[in-house]
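Trainee: got a predicted model here, sequence first, then my questions.
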Amino acid sequence: MAKNLEILEQLQELDLRLDRLRNFIGHYQDFIQALDEERAGMKLRAEEEKIKLDELKKMKGRKELDLKAGEEHIAKCSTRLYAVKTNKEYEGTLKEIGEQKHKNSEIETEILILYDQIDQEEQSLKDARNKFELEEKEVEQKKSELAKKLERAEALLPREEKSREGILSLVPKDFLESYIFIQERLGARALARLIDKICQSCFRVVPSQMYNEVLIGANLLTCPGCNRILVHRETEFLTGKDIFEF
Ligand SMILES: [Zn+2]
């Protein structure tokens, strides 16, 4: 009996591993897509910084044109001063010049602020582009690691499936039926460790009688909480090797 449970443990080990392999192969494209999206997000951020920078430069260009027009206006007014005929006209032109000078000084201040903003934005764009470049390298590296992993998983899968067939032939029919029945409902993890009357899968405390029976290992018993096959084990099912590595 205990021997049969050991074989079941081996079977579960393989099933978990197969699950992991199939899961990875099945989701490989999703992993790649997630990486591509991450990279696209970084690219978009850099592009947005570029748009902001271009906008600021355009704004500065417009302000510079305004300033130029203002200066031309002052020059015209100054020329007009020599041609005016009345005092009133003279005063009016002087006032116009004064107002334009005030406007120009405001525009100059705005242009100075824009220079600062452009400097800052140029730095932000540089940072965003550097980040994107780094991200691109990282994504390529991760993709190549994933591709290697996929290759290993695809090579391992048929081998592990074959091993499973070998183990299946060693499991008594009634054990296998119970095991498969539980797996169909609960997933690959059909066995649960029992330590000090506590199921390590659902943490239900099992009755003393049941605990003793599991200790003896004379019958195949399932946990009253999670319905998994109980195996008395002080240690993890899998020791030494990590079934999730491939
Ligand atoms: Zn349980």
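Mentor: Yep, that arrived. None of these values were measured; they are calculated from a predicted model.
Trainee: okay, now the unreliable bits of the protein?
Mentor: 1, 238-244 (pLDDT under 70).
Trainee: 80 instead, please
Mentor: Within the chain, the segments meeting pLDDT under 80 span 1-2, 218, 234-246.
Trainee: all strands for it, in order.
Mentor: Listed in chain order, the strands of the chain (DSSP state E) span 191-195, 198-199, 229-232.
Trainee: wondering if the last one reaches the ion at all.
Mentor: No: for strand 229-232, no contact with the ion is found by Cβ under 5 Å from the ion; the gap never falls below 7.5 Å. Yep, even glycine has a C-beta here, placed from its N, CA and C like the rest.
Trainee: which positions in this structure make contact with the ion?
Mentor: When proximity is defined by Cβ under 5 Å from the ion, the chain lies next to the ion at 192, 199, 201-202, 204, 223, 225-226.
Trainee: I'd like the residues you listed laid out as CSV, including neighbour count and distance to Gly217.
Mentor: Output for the residues of the chain next to the ion, formatted as CSV (neighbours: other Cβ atoms under 10 Å; distance: Cβ to Cβ, whole Å):
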residue, neighbour count, distance to Gly217
Ala192, 24, 14
Cys199, 21, 16
Ser201, 19, 18
Cys202, 13, 20
Arg204, 14, 19
Cys223, 21, 15
Gly225, 15, 20
Cys226, 17, 19
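Trainee: nearest to Asp119, of those residues?
Mentor: The closest of the residues of the chain next to the ion to Asp119 turns out to be Ser201 (Cβ to Cβ; 60.9 Å).
Trainee: in stretch 194-212, what counts as buried?
Mentor: Residues 194, 199-201, 206, 210-211 are the ones in stretch 194-212 that count as buried (16 or more other Cβ atoms under 10 Å).
Trainee: closest to Lys57 out of those residues?
Mentor: The closest of these to Lys57 turns out to be Ser201 (Cβ to Cβ; 63.5 Å).
Trainee: can you give me the neighbour number for Leu230?
Mentor: For Leu230, the count of nearby residues is 25 (other Cβ atoms under 10 Å).
Trainee: these two touch, right, it and Val206?
Mentor: Yes: if you go by Cβ atoms under 8 Å, Leu230 and Val206 touch, sitting 7.1 Å apart.
Trainee: on that earlier part again, need the buried residues of stretch 194-212 in a markdown table (columns: distance to Asp174).
Mentor: Converted to a markdown table, the buried residues of stretch 194-212 look like this (distance: Cβ to Cβ, whole Å):
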| residue | distance to Asp174 |
| --- | --- |
| Leu194 | 20 |
| Cys199 | 22 |
| Gln200 | 24 |
| Ser201 | 22 |
| Val206 | 21 |
| Met210 | 19 |
| Tyr211 | 22 |
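Trainee: what sits opposite the residue nearest to Leu194 when sequence neighbours are not counted in the beta ladder?
Mentor: Once flanking residues are discounted, Leu194 sits nearest to Leu230: 4.6 Å by Cβ to Cβ, 6 or more residues apart in numbering. On the basis of DSSP bridges, Leu230 is bridged to Ala192.
Trainee: and Leu230, what does it touch?
Mentor: 191-194, 199, 206, 210, 214, 221-223 (Cβ atoms under 8 Å, 6 or more residues apart in numbering).
Trainee: do the same with Ser178
Mentor: So Ser178 contacts 220, 222, 229 (Cβ under 8 Å, 6+ apart).
Trainee: let's see that with 7 Å instead.
Mentor: 220, 229 (Cβ atoms under 7 Å, 6 or more residues apart in numbering).
Trainee: same deal with the one 5 residues further on?
Mentor: With contacts defined as Cβ under 7 Å, 6+ apart, the neighbours of Gln183 are Ala190.
Trainee: and if you look at Leu53?
Mentor: Going by Cβ under 7 Å, 6+ apart, the list of residues near Leu53 reads 118, 121-122, 125.
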